[in-house]
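**Student:** pasting the structure only:
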């Protein structure tokens, strides 16, 4: 989420970049950005698209996907987003916070209740091997 907020703040300071979020003329496969060009004025970055933000809308972490959806759907806000609290967070704190979350408490892990060491009934391996 911090990188997405940082991108928002860059576009807030430079409004001409806002078209990069939703640039219908550019597809990821035919991006006009020339990474080999050393002159920023000639590399074509302004005509490119931030397709990475659109792909982050489907991220596995809800914080990332929500931040990306807000940037794409709502566009730029009236003020810059505060990133100062995120700058003080260490990777250990983030890891500890994520490991303490109870995301899925009642997820079934088997279709059938285990009855000793057996393979699934309709599994091809149960027809070939027999586990005692």
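**Tutor:** Yes, it's here. Values in this document were obtained by computation on a predicted structure and should not be read as measured data. Numbers count the residues shown, from 1 in each chain.
**Student:** could you find the closest non-adjacent residue to residue 87?
**Tutor:** residue 2 (7.7 Å; C-beta to C-beta, 6 or more residues apart in numbering). Placement of C-beta: from N, CA and C, glycine included.
**Student:** thought residue 85 was touching the one you found, still the case?
**Tutor:** No: counting by C-beta atoms under 8 Å, residue 2 stays clear of residue 85, with 9.6 Å between them.
**Student:** which one of the two has more residues nearby?
**Tutor:** Each of residue 2 and residue 85 has its neighbours counted (other C-beta atoms under 10 Å); residue 2 has more, 15 against 8.
**Student:** next one, pLDDT for the more buried one please.
**Tutor:** Residue 2 is assigned 85 on the pLDDT scale.
**Student:** do residue 27 as well
**Tutor:** Residue 27 carries a pLDDT value of 60.
**Student:** which stretches of the chain have low pLDDT?
**Tutor:** For the chain, applying pLDDT under 70 flags the ranges 22-29, 103-105, 107-110, 112-119, 131-132.
**Student:** quick one on the thing from earlier: which residues does the residue nearest to residue 87 contact?
**Tutor:** Residues near residue 2 by C-beta atoms under 8 Å, 6 or more residues apart in numbering: 83, 86-87.
**Student:** which among those gets closest to residue 30?
**Tutor:** Distance to residue 30 across these (C-beta to C-beta) is lowest for residue 83, with 32.7 Å.
**Student:** measure how buried residue 21 is and give me the count.
**Tutor:** Residues near residue 21, counting by other C-beta under 10 Å, number 19.
**Student:** swap in residue 7?
**Tutor:** Counted by other C-beta under 10 Å, the residues lying close to residue 7 total 20.
**Student:** wait, isn't it in contact with residue 71?
**Tutor:** Yes: the criterion here is C-beta under 8 Å, and residue 7 meets it with residue 71 at 7.1 Å.
**Student:** find the residues that touch each one of the two.
**Tutor:** What both residue 7 and residue 71 touch, as defined by C-beta under 8 Å, 6+ apart, is the set residue 53.
**Student:** helices - which of the contacts of residue 2 land there?
**Tutor:** Among the contacts of residue 2, the members falling in helices (DSSP state H) are 86-87.
**Student:** lovely, talk soon.
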